[in-house]
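# what follows is a predicted structure for the sequence shown.
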Amino acid sequence: MNTFGCHSLVWSGGWTENDARHAIESSSKAGYDLVEIAAIDPASVDIDMTRRLLEEYDMGATVSLGLSAETDVSSEDPEAVSRGRELLSDALNIVRGTGGKMLCGVIYSKLGKYDTPVTERGLENSRATMAWLADKAADSGISLGIEFANRYETNVVNTTAQTLAFIDSIGRDNVYAHLDSYHMNIEERSFAEAIQLAASAGKLGYVHVGESHRGALGTGSINWTEFFAALAEAKYDGVITFESFSSKVVHESLSNSLAIWRNLWEDNVELATTALSFMQQGLADARTGVEGQSFRQPTAAQE
Ligand code: MN
């Protein structure tokens, strides 16, 4: 059984107590199991308040973020790397303090457009930071999810294959690939191939479900039949988080980093509710298909 999450930006741009309650309560009412907290500025997140609200609504949490130029751990600037480590450490404290098990997102790079390729030294800084963070996380049973992003949002890893090689070079068991249909749709040859690659490496650790335009599921150009079939084939039973962004709910820096310039929805209750049933139905149909195949195969072989 998968655990379904809803990204906090579906509901709230910030994380004041009112914002947090709105995001947690709305996700719960829409039927989700957990909220993915966008910890772009983790020091501003009140951990005790967040844990209290999660308990009140019996909800889980994961934490995701993207770094900025000032905190870019893939930079050659040791001060940026050091600021990045401090920020990641704060984000890890949120995961730990809310009883979460996953810190994910673009935690290895700036989230945004680069003008040049990553340098060897920058890549090494990013790897070393991930190894350092993974060791701190492991002490609390927390895993890291490396979310590769499309070419306009990072220059470190843009495909599943690159992500797996990056993870391999980090050399820590609690570091996984975090796959996002939105980024995959831009960069991969096929969803099936990419998901299979991560799953067969035992590294499919976290999934984001986002439409091609980041709006409502099923209203863009993503081949959801292929995507859900690949998850079913891989027997993926981890967290699946719905991610959608609109100019209706704005985070002062994240919305700009993600280039959210237009209004893709008004009614986030309908958006989130519909998205959950879309994901559940998509997976259920895919699993029926997969089981149907494995049921038929022996019969065919006997003939
Ligand atoms: Mn994502």
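Right, received. Where do you want to start?
# what residues does the residue in the stretch 201-303 of the chain positioned nearest to the ion make contact with?
Each residue of the stretch 201-303 of the chain has a distance to the ion, by CB to the ion, and the smallest belongs to residue 208, at 3.7 Å. Any C-beta I mention is one placed from the backbone N, CA and C, and that applies to glycine too. In this structure, residue 208 makes contact with 7, 147, 178, 179, 180, 181, 182, 240, 241, 243, judged by CB atoms under 8 Å, 6 or more residues apart in numbering.
# pull the number of nearby residues for the fourth one.
Neighbourhood size, residue 179 [other CB atoms under 10 Å]: 31.
# likewise for residue 254?
20.
# that one and residue 28: what is the separation?
Here the criterion is CB to CB, to the nearest Å. By it, residue 254 lies 23 Å from residue 28.
# surely residue 252 is within a strand?
No. With the criterion set as DSSP: H, G, I helix; E, B strand; the rest coil, the secondary structure at residue 252 is coil rather than a strand.
# returning to that earlier point: tell me the phi and psi of the residue of the stretch 201-303 of the chain closest to the ion?
The phi and psi torsions at residue 208 (degrees, to the nearest 10) take the values phi -110, psi 130.
# tell me the contacts of the residue nearest to it when sequence neighbours are not counted?
Closest residue to residue 208 apart from its sequence neighbours, by CB to CB, 6 or more residues apart in numbering: residue 180 at 3.7 Å. Going by CB under 8 Å, 6+ apart, residue 180 touches 147, 148, 149, 207, 208, 210, 243.
# need phi/psi at residue 180.
phi -120, psi 120.
# change the start of the numbering to 64 and stick with it
Taking 64 as the first residue, the last one we looked at is residue 243.
# now do the SS call for residue 67.
Using three-state DSSP, the structure places residue 67 in strand.
# quick check: the gap between it and residue 245.
Separation of residue 67 from residue 245 (CB to CB): 17 Å.
# now swap in residue 139 and tell me
The gap separating residue 139 from residue 245 is 29 Å, by CB to CB.
# so which of the two has more stuff around it?
Regarding residue 139 and residue 245, a neighbour count based on other CB under 10 Å identifies residue 245 as having more, with 22 against 15.
# what about residue 335, distance to residue 109?
24 Å.
# pick out whichever of those two has more residues nearby.
Neighbour count, other CB under 10 Å: between residue 335 and residue 109, residue 335 has more, with 23 against 15.
# got the phi/psi numbers for residue 331?
Here the main-chain torsion angles of residue 331 (degrees, to the nearest 10) amount to phi -80, psi -20.
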